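Engineer: My questions are about this predicted structure, shown below with the sequence.
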Amino acid sequence: MTLHARIAWLVSALVTVAVLISAAILMWTSRQALLQEALDEAEIIARLLARSAAFAAEVPGEVEGAIGDQMVVEATAIAHLVAIAEKAGMPPDAISSHLGEVVNHSVLDEVWVTDAKGHAYLRTNRNTDFTFSPDPAVQPQAHVFYPLLTGDKQVVIQDARVREVDNHIFKYAAVAGIDQPRIVQVGYRAEFFNSLKEQVGLKRFVGDLIADQSVLAIHVLGAGGSTLAFSAVPGLDVASEFDSERRDVIKTAIASGQTVSRISGNVLQVVVPMAERLGGTISAITVFLPAQHVNETLLRDLRFTLLIAVVVVLIGLLASVVLARYVSRSVEQVSAAAQAVEEGRYQPGGLDRVSVHNDEVGRLARVFEGMARQVAAREQRLKSLLVEHRIVIDEAEAAREAAVITSTDHFRRLRGEADKLRQRMRERQRGA
Amino acid sequence: MIVSIHSFRGGTGKSNTTANIAAQMAAAGYRVGVVDADIQSPGLHVLFGMDESDMGWTLNDFLWQKCGFEDVAHDVTARLGAAVKGQVHLVPSSIDPGDIARILREGYDVAMLSDGLTDFVKTRQLDVLLIDTHPGLNGDTLLSIALSDQLLIVLRPDQQDYQGTKVTVHVARQLEVPGLQLLVNKLPEGLDVGTIRDKVEAAYDCEVAAVIPHNDEMMLYGSQGIFSLTHPEHEISRCYAELAAKILEAKRR
């Protein structure tokens, strides 16, 4: 593979890898941002719900308290009226009749006025003869009013509750008599409290949040593990929304005290632990949000990112080819010059165009040019030496010098014995 | 076969050539004897990894009849630097200046040397005996040449060597040495081997056994050992192997 191709491939590969990594990081951060946005939204919903529910829980009690105070005023007024009427000599039936008129034209439903022994001889409900007893076993609800007869209490206000005798919700308030020991009690049928709780309570808020379908479902888990409120948009498979995996997510959030999310299909489940809310009555609020827009946004971002990545890679490929050509051109010229030197056809000055560059390749070319000149000069010198190399022998002088040696007696003896010596050595060896 | 390796001048690489030829012959499986007959300036033993303490009796001691020839021969096969199939037996000369001065002053018995060399060949069962001579043409050298079956003259490609070698060739031919070969050594870079071979053969009417280029690597290696054995793939090593083969081929002729 040529240097040009190698650089082009290398740069292209680097650009491609860099773009893919950048795209992956971008997608991941985008997904995280979208999920975080959804989480924040769910957390706001959950905390708003918890705060609203806390406020709503206080309203019925305050309303009942105000009504109770008003009933005490009414009972006190009746106590005075009864005292005046009896002092004026009005018979009990007439007084009861007047009390019935009051009940018929007001929000009061019952009036009970006793004598000193607790017998309700004045009453609006003529058909029920009733006597207050101090024994809780006999009268689990009414016995609390008996201390008004003994003077231990002057006012008793009882919370609204289901009446034993007819299962209606009633609230009672009573005061002690003005003229003698007696109980003056007024009763108010308080079915209104239940509807009030429903109108301003947790379930109402949960239902309202689901109504516009921006939230798929809300589940409020009580501290004891019971469901305090749950509402879901029509069509949502409620059973599948509370499979074992989703219950595990709720347990994880409660255990960690941290908001936990889980995305499954087109539903994003966000569990916000609420251990400190409403005095510990709410354990966790689970908000189910549509994840479709998250997925759609991610898909849109993915397409856009891939498009950008393809464009950048194409630009990178083009740039790598141009860069490779630019970088390799100088190197290829130096390489071609080296080959020319090797083949003995290099002409000095062949790298002048590269040598002018003030970079590493330019420096290489200058050094190479210098070395090539030296090599060429050396080769030229050696060639001339070879051409000039002659074996010049002065034959006469050589013969004369040899004669000086060979003319000596020692040499003549040696020459005479040389063959004998060699012969003797051979015989001695053969003798072995 | 006795082969004398000679040069007209010193510094031709004669001793190095002798050691490498011996090593290449041993590598080819031959039993080779090497005699350092350069009594005036011995140095062959260094190439075979020997120093003065390893030598014991030397050629000088034999010539003074202090010991037999067998006592002065050393089996240096294990010192070659590489395993070989054959053997190399070295007869070193004394490097003691007093010994050198004495042998030059008193000379020695020629017949005794020839008998000693013969015994050396016989007792060590040598296939080839190489004699590294002293440069020039003094009496000792002439004797070595006279004893030889083959004479290899080492020369460098310069005018002084060319002239001196011509004298040596004249003398050798007068002594009727059966075989005569030339070795052009240390050929400078740039000179063509084939051209030089042709020119030298024409000038001396003699076979050129090898033309060995100058090599810096071998020069730097110096006398550390036998280059052709420690660098078997080197171009120079191949030259020595071919040279050894040429000499053996001459023996067969």
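Structural biologist: Received the coordinates, thanks. The shown structure was predicted, so the numbers you read here are calculated from the model rather than taken from an experiment.
Engineer: tally of neighbours for residue 168?
Structural biologist: You didn't say which chain, so I picked chain A. The tally of other residues near A:His168 (other Cβ atoms under 10 Å in any protein chain shown) stands at 13. In this view, the C-beta of every residue, glycine as well, is placed from N, C-alpha and C.
Engineer: think we crossed wires, I meant chain B
Structural biologist: For B:Thr168, using other Cβ under 10 Å, the count is 28.
Engineer: what's the helix or strand for it?
Structural biologist: Using DSSP states H and E, B:Thr168 falls within helix B:159-174.
Engineer: In the stretch 1-150 of chain A, what residue lies closest to chain B?
Structural biologist: Proximity of the stretch 1-150 of chain A to chain B (Cβ to the nearest Cβ) peaks at A:Met1, 30.4 Å away.
Engineer: ok, what's across the strand from the residue lying closest to B:Thr12 once chain neighbours are set aside?
Structural biologist: Excluding its sequence neighbours, the residue lying closest to B:Thr12 (Cβ to Cβ, 6 or more residues apart in numbering or on different chains) is B:Val154, at 4.5 Å. Counting by DSSP bridges, B:Val154 forms beta bridges with B:Leu183.
Engineer: can I assume B:Val154 is in contact with B:Gly11?
Structural biologist: No: counting by Cβ atoms under 8 Å, B:Val154 does not reach B:Gly11; the two are 10.1 Å apart.
Engineer: which of the two has more neighbours?
Structural biologist: B:Val154 (28 against 11).
Engineer: picking up where we left off before, gap between the residue of the stretch 1-150 of chain A closest to chain B and B:Ala23?
Structural biologist: To B:Ala23, A:Met1 is 45 Å away according to Cβ to Cβ, to the nearest Å.
Engineer: The two - which one has more neighbours?
Structural biologist: A count of neighbours by other Cβ under 10 Å puts B:Ala23 above the other of A:Met1 and B:Ala23, at 32 against 7.
Engineer: Report the secondary structure element holding that one.
Structural biologist: Under the criterion of DSSP H and E, B:Ala23 resides in helix B:14-27.
Engineer: helices and strands around the helix or strand that that helix is followed by, which ones?
Structural biologist: The element immediately downstream of helix B:14-27 (helix or strand, assigned by DSSP H and E) is strand B:31-36. Packing contacts for strand B:31-36, counted by 3 or more Cβ pairs under 8 Å, 6 or more residues apart in numbering or on different chains; DSSP states H and E, involve helix B:14-27, helix B:44-47, strand B:87-91, helix B:110-123, strand B:128-132.
Engineer: For chain A, find the nearest of the ones you listed.
Structural biologist: With distances scored as Cβ to the nearest Cβ, the stretch of the helices and strands packed on strand B:31-36 nearest to chain A is helix B:110-123 (4.2 Å).
Engineer: any idea how far the closest one is from the chain center?
Structural biologist: Put simply, helix B:110-123 sits 17 Å off its chain's centre (Cα atoms, centre = their mean, to the nearest Å).
Engineer: Would you indicate which residues of it are buried?
Structural biologist: Within helix B:110-123, the residues that count as buried by 16 or more other Cβ atoms under 10 Å in any protein chain shown are B:Val110, B:Leu113, B:Ser114, B:Asp115, B:Gly116, B:Leu117, B:Thr118, B:Asp119, B:Phe120, B:Val121, B:Lys122.
Engineer: quick one: the helix or strand that A:Glu427 is a member of near chain B?
Structural biologist: Taking DSSP H and E as the definition, one finds A:Glu427 inside helix A:409-431. Yes: with Cβ under 8 Å from any Cβ of the partner chain as the criterion, chain B is reached by helix A:409-431 at A:410-411, A:414-415, A:417-419, A:421-422, A:424-425, A:428-429.
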